[in-house]
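Asks: got a sequence here, can you model it:
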Amino acid sequence: MQATRQQKQLFFAALTVSLIFWSGLFSFIFYELANFRLLLEQYQLSWQLLLAAALVVLLVTIIVNVVIRIQRLAYLRGFAVKLGPNQYPDLFKRVKSVCKRLGVEHEIHSYLLNQTTTGRFNSQRVGKKIHVVLPADSVGILTDRQGSIDFIIGAEVARLFVPHSKWSWLLWPSTVFPLISAARKRLELFRRDGIALAACKSQVDAALALAISVAGDPRWISLNIPEFNKQNAPISGFTMSLAELLSDAPWASKRMANLRALATKSDAFIPRYHPLSYLVAALFPFIQPLKLVFLSQILALGLWVVVAGYWAPVAKNFTATQIELRWPDENKHAKQEPGIKTTAAKTTSRNKRPYARIHLDLKKLGKKIRSKTSKNNGNPCELSDVNNIKLNYGASRYAFDCNKPIVYTHIEQGEFEPGRGAHMQRYNWKKKRILSK
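Replies: Below you'll find the predicted structure:
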């Protein structure tokens, strides 16, 4: 039950997105902690109390999750019929043989559950024990086709062994990211069908088991599978492609075509998505409002907004600084005033590098003051080790305003640009933004 190549690629994509999220969130907490503490003091709140409240919320969330799992298992034992040597022994032996065929060595507990009266209770894995839940309605329909029951058992067993599931806590931010999370779920369903096919002795049994979910009882037995596969042809349009990209389940006709290709070891006719549908689907986060994960997804989406708001100015300042450092001679949009010679314009362009070095100094000093602020009860005027900071210019050139989060320096008349008057270069270390250029 190893992950496929496509699943590994999607896993690394989700991992990359999640690492961007976690690094941005932790950086935001680290660099903005001083301002946050000042805000708490302004409203006479204790950050220790707020931290304790956050830990309580986290603890309650973990406890609720554990209670839900225990409750589901309790309902399963209370509502379902446990299979055994004296309770539906034919199904009990079939579950054992399918698990052995798939190489499952866990302790197996199997149940038969009437889904129409109790709702959906998925199969569960608790430690070294697996609890396989078989839908009574599907098993009853397949009474005359016992081999197809192996497909249902294999699909339920495959549900319990999802690749990379131990990294779910790390990949949590990617669950709402456009395209990636939905694609992982659709690919997992294809993988589950492949494992269920391997659990069947006959390939026809697998197709008939899937036909139940398509045509229902009693029409499933007469479903024309090749004709049903032809429905793949018109679903490559924009609307159909977009609807599937936003969903966590592929179209049933695609599943049937993929299952038939796996059985015959041939290429399946699965049409590609419309190219424009990718661009539109990338604008929509993956949200499932009718499922239990909805609140978790809303929380993740809100934190994504915070992280994006933090990364945007950082990326903008970094890009602007790098452009100014690497290509100081490029000033395509600058307009020359009449009477200024070309040589003077070239000199002005060459002298833009000192401004970039000054901006770097201002940002270094601003970062140092920001870290000192939290240690001096909000007073940024205590900066005794400024001479130990590696700066492009002397530390005596710079100063900061005790009443405002501003670090500044004075530019003499004509110092860097001939003909330009004296002016200031300022940096707001709270907003991380150069105020004058």
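
Asks: tell me who's in contact with the residue lying closest to residue 432 once chain neighbours are set aside.
Replies: Closest residue in space to residue 432, ignoring its immediate chain neighbours: residue 313 at 5.8 Å, by CB to CB, 6 or more residues apart in numbering. Where C-beta positions appear, they are placed from N, C-alpha and C, glycine not excepted. By CB atoms under 8 Å, 6 or more residues apart in numbering, the residues touching residue 313 are 431-433.

Asks: quick one: low-confidence parts of the stretch 151-300 of the chain?
Replies: 267-269, 290-292 (pLDDT under 70).

Asks: 80 instead?
Replies: 164-165, 203, 213, 216-218, 229-230, 232-236, 263-271, 288-297 (pLDDT under 80).

Asks: quick one: the residue sitting nearest the centre point of the chain from residue 155, how far?
Replies: The centre of the chain sits closest to residue 174, judged by CA atoms, centre = their mean, with a distance of 0.6 Å. Residue 174 is 25 Å from residue 155, where distance means CB to CB, to the nearest Å.

Asks: just the strands in the protein please.
Replies: 81-82, 107-113, 124-126, 129-135, 398-401, 406-411, 423-428, 433-434 (DSSP state E).

Asks: select, out of those strands, the one closest to residue 274.
Replies: strand 129-135 (34.7 Å; CB to CB).

Asks: what does stretch 104-112 contact?
Replies: Taking CB under 8 Å, 6+ apart as the rule, stretch 104-112 contacts 76-77, 80-83, 88, 91-92, 95-96, 99, 125, 128-134, 136, 139, 157, 161.

Asks: related to what we said a few turns ago, what's near enough to touch the residue nearest to the centre of the chain?
Replies: Contacts of residue 174 by CB under 8 Å, 6+ apart are 13-15, 17-18, 21, 180-181.

Asks: likewise residue 249?
Replies: Residue 249 touches 185-186, 189, counting by CB under 8 Å, 6+ apart.

Asks: now residue 162
Replies: residue 188.

Asks: so how far is residue 145 from it?
Replies: In terms of CB to CB, residue 162 sits 28 Å off from residue 145.

Asks: do residue 14 as well
Replies: With distances taken as CB to CB, residue 14 is found 38 Å from residue 145.

Asks: tabulate the strands of the chain in a markdown table, adding columns for distance to residue 273 and mean pLDDT.
Replies: Formatted as a markdown table, these follow (distance: least, CB to CB, whole Å; pLDDT from 0 to 100):
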| stretch | distance to residue 273 | mean pLDDT |
| --- | --- | --- |
| strand 81-82 | 43 | 90 |
| strand 107-113 | 36 | 89 |
| strand 124-126 | 33 | 82 |
| strand 129-135 | 31 | 88 |
| strand 398-401 | 55 | 79 |
| strand 406-411 | 51 | 83 |
| strand 423-428 | 45 | 85 |
| strand 433-434 | 41 | 82 |
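
Asks: and of these, who's closest to residue 307?
Replies: Between the strands of the chain, strand 433-434 lies closest to residue 307; by CB to CB that is 18.3 Å.

Asks: list the neighbouring strands of that closest one plus their orientation.
Replies: strand 423-428 (antiparallel) (DSSP bridges).

Asks: now do the strand it pairs with against strand 406-411, angle only.
Replies: 160 degrees (axes from the mean of the first three to the mean of the last three CA atoms, to 10 degrees).

Asks: quick one: low-confidence ranges for the stretch 301-437 of the chain?
Replies: Scanning the stretch 301-437 of the chain with the threshold set as pLDDT under 80 gives 306, 309-354, 371-390, 395-396, 400-404, 408, 414, 416-421, 435-437.

Asks: right, I'll call it a day here.
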